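Undergrad: show me how the following folds:
(2 chains)
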There are 2 protein chains.
Amino acid sequence: MRDERAVTERLRTATVVPPGSPLVLGIGDDCAVYRPRGSADDLLFTADMFIEGTHFHRETHKPAEAGRKALVRSLSDIAAMGGSPRFCLVSLAVPSWANASWVDRFFDGVLQLASATGAILAGGDLSHSEILACDVTVCGAVPRGTALRRDGARPGDSIYVSGTLGGSTLGLATLKGKARKRHLHPEPRLALGRFLREKLRATAAMDISDGLSLDLRRLCLASCAGAEIVAPPRFPGASLEQALHGGEEYELLFTVRPGTKVPDDFDGLPLTRIGAIAPREAGEVLLDGNPLPPRGYDHFSGRAGRTEHTD
Amino acid sequence: MRDERAVTERLRTATVVPPGSPLVLGIGDDCAVYRPRGSADDLLFTADMFIEGTHFHRETHKPAEAGRKALVRSLSDIAAMGGSPRFCLVSLAVPSWANASWVDRFFDGVLQLASATGAILAGGDLSHSEILACDVTVCGAVPRGTALRRDGARPGDSIYVSGTLGGSTLGLATLKGKARKRHLHPEPRLALGRFLREKLRATAAMDISDGLSLDLRRLCLASCAGAEIVAPPRFPGASLEQALHGGEEYELLFTVRPGTKVPDDFDGLPLTRIGAIAPREAGEVLLDGNPLPPRGYDHFSGRAGRTEHTD
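TA: Numbering: from 1, shown residues only, chains lettered A, B, ... in the order given. Predicted coordinates:
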């Protein structure tokens, strides 16, 4: 199978967005951005699949945890662009092993987080299938022209991450303690995303869904620059490898202009400077002065080097 | 497995749309309707899955046909509400049997129809999976407050269908001739939908995706009325059963006020009066004076009586 980058690049190239289109940002960022005629808001759109055997196993995720996490993946993309969720569409294909109670509890998980974040369940589709397959589309809103994108970082900008990294991968490996909770119950950083947009005026942002090394490379590619970083803050017990390359963190990676006063934490969540954007080859990332290979997980091919469609 | 109606009813009940919400129509119609702050347009949203073994078989659908049809399902919902497509999100989970060429040709089918209808590919997700699973979200637009809904039909309104019915089911059974093409290559009735909204001011509309008997019952339930019809026009070679209960027609079912002058055809597509809305129990449909049971296909449970989430 060709890797995801090849498919995405082909789709991006094949898709012509006419000048003046209300679609102001298409394939290639965390969300697409649509500007409704006459509106004061821009709308953000993202879709994320949640597939049995690829994104979760029924042995490890309780149904409500699976439903919640299926929604988190898209909410995290809305957070990364500084948006407020407005509604979601949930499509669910159900295999025979999932009985009525399982489906009810899956939607309990969806509805609880939807209600807490303002992502009103507006529709979707239901079907049967041989495996459980879910796809969640979320719409969010930002004031016109203010969405945080990947392509605004400039050499000299400081690079930050929220929280600590590696916990989700550690939790997947051990299924124990706080790391397990971290893996099964991630938090979309919606309030932080709005803070980055409104108060810090971040120059670029994205969520860490496939690993810092791969996601920072994507941010750098989009911004036509490189980066020089040090080791990021680690989740207790996580290895440096897990912190650098582990996916499903759903923390935010962002950049700010030099001199921007960034607090040490946001509502208790640490914000840590890990380096700066550098005038290097686009996508080149150095860790302590040495090249950092992008090794995050490629959901599509099982290989590294994934660039997502939108994710 | 509980049937889809039970799941949908539970979700509809559990989802509270606050008064004044920009989500002006949620679960239960062909599309959700969102009213962006300050905009002259309402936006329509629908998501439809396209699952191997449920909605298609790789032996019968060429990859480009599969991609095209995955998009048709959602475009038809936009047509049913009188909308113009604006963009789409395509999520695709790919199994090992689908090689790079298959995926490329699948997206050829998507992109060709997307380009022809204005549904710019704006994003989505790519993943691997044990079976091929696709979910397509389409956004369409209508001038504010003008979306065609299911709930506007009133006793005395005339009931019409576009085209002829039963061809898709016939084509699935025989895989021969024009019926085969009808099954593999359905047309979303976008221009007709706009005509119904702008010129005929239809009181209600929906697309026939799960069979006339089931879909008309849904329209009647939403409109709190019954219907009295005669046999609909049949696709050449299709049986009355196929015309009454066969799904995947993607023709439009609509109602107009008594006295509305409806042309015999729209751009060559027949428009046929099949009866009238009647002051009967909600959802009660009579064919030639006898009760017509809703027997359309239930994608979710394999049983009749499906009410979709949004579809």
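Undergrad: for chain A, which spans come out with low pLDDT?
TA: Counting by pLDDT under 70, chain A has low-confidence residues at A:1-2, A:296-311.
Undergrad: can you give me the helices in chain A?
TA: Residue ranges of the helices in chain A, as given by DSSP state H, are A:4-14, A:63-80, A:100-117, A:167-174, A:177-184, A:190-198, A:212-223, A:240-245.
Undergrad: other SSEs contacting the last one?
TA: The helices and strands touching helix A:240-245, judged by 3 or more CB pairs under 8 Å, 6 or more residues apart in numbering or on different chains; DSSP states H and E, are helix A:167-174, helix A:212-223. Any C-beta I mention is one placed from the backbone N, CA and C, and that applies to glycine too.
Undergrad: quick one: closest of those to chain B.
TA: With CB to the nearest CB as the criterion, chain B lies closest to helix A:212-223 of the helices and strands packed on helix A:240-245, at 14.4 Å.
Undergrad: could you list every helix and strand that that closest one packs against?
TA: strand A:204-207, strand A:226-229, helix A:240-245, strand A:252-256, strand A:285-287.
Undergrad: can I get these in CSV with mean neighbour count and distance to A:Thr8?
TA: CSV is the format used below for those (neighbours: other CB atoms under 10 Å in any protein chain shown; distance: least, CB to CB, whole Å):
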stretch, mean neighbour count, distance to A:Thr8
strand A:204-207, 27, 15
strand A:226-229, 22, 21
helix A:240-245, 20, 20
strand A:252-256, 27, 19
strand A:285-287, 20, 20
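Undergrad: turn the ones you listed into CSV, columns for distance to A:Pro18.
TA: Compiled in CSV, the helices and strands packed on helix A:212-223 are given as follows (distance: least, CB to CB, whole Å):
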stretch, distance to A:Pro18
strand A:204-207, 26
strand A:226-229, 33
helix A:240-245, 39
strand A:252-256, 31
strand A:285-287, 35
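Undergrad: isn't A:Pro85 right up against A:Ala119?
TA: Yes: A:Pro85 lies in contact with A:Ala119 (CB atoms under 8 Å); the separation is 3.7 Å.
Undergrad: between those two, which contacts overlap?
TA: Residues touching both A:Pro85 and A:Ala119 (CB atoms under 8 Å, 6 or more residues apart in numbering or on different chains) are A:75, A:138, A:140.
Undergrad: what about the closest residue to the last one other than its chain neighbours, neighbour count?
TA: It stands for A:Gly140. Nearest in space to A:Gly140, with sequence neighbours left out and distances taken as CB to CB, 6 or more residues apart in numbering or on different chains, is A:Gly83 at 3.1 Å. If you count neighbours by other CB atoms under 10 Å in any protein chain shown, A:Gly83 ends up with 31.
Undergrad: same question for the one 4 residues further on.
TA: The criterion is other CB under 10 Å. On that basis, A:Phe87 has 24 neighbouring residues.
Undergrad: hmm, back to that, ok, the residue nearest to A:Gly140 to chain B distance?
TA: A:Gly83 sits 13 Å away from chain B, going by CB to the nearest CB, to the nearest Å.
Undergrad: residues contacting that residue?
TA: A:31, A:44, A:140-142, A:147, A:190, A:193-194.
Undergrad: what's it sitting at in phi/psi?
TA: phi -90, psi 170 (degrees, to the nearest 10).
Undergrad: gap between it and B:Arg180?
TA: 45 Å (CB to CB, to the nearest Å).
Undergrad: just list whatever residues bridge to the residue nearest to the spatial centre of chain A.
TA: For chain A, the residue lying nearest the average C-alpha position, counting by CA atoms, centre = their mean, turns out to be A:Asp207 (3.7 Å). Counting by DSSP bridges, A:Asp207 is bridged to A:Leu252.
Undergrad: how much space between it and chain B?
TA: 14 Å.
Undergrad: and if you look at A:Ser162?
TA: 23 Å.
Undergrad: that residue against A:Arg189, yeah?
TA: Yes: at 5.9 Å, A:Ser162 counts as touching A:Arg189 under the criterion of CB under 8 Å.
Undergrad: shared neighbours, these two?
TA: Common neighbours of A:Ser162 and A:Arg189 (CB under 8 Å, 6+ apart) are A:251-252, A:269.
Undergrad: want to throw those residues into JSON lines with distance to A:Thr169?
TA: Shown next, in JSON lines, are these (distance: CB to CB, whole Å):
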{"residue": "A:Glu251", "distance to A:Thr169": "13"}
{"residue": "A:Leu252", "distance to A:Thr169": "18"}
{"residue": "A:Leu269", "distance to A:Thr169": "19"}
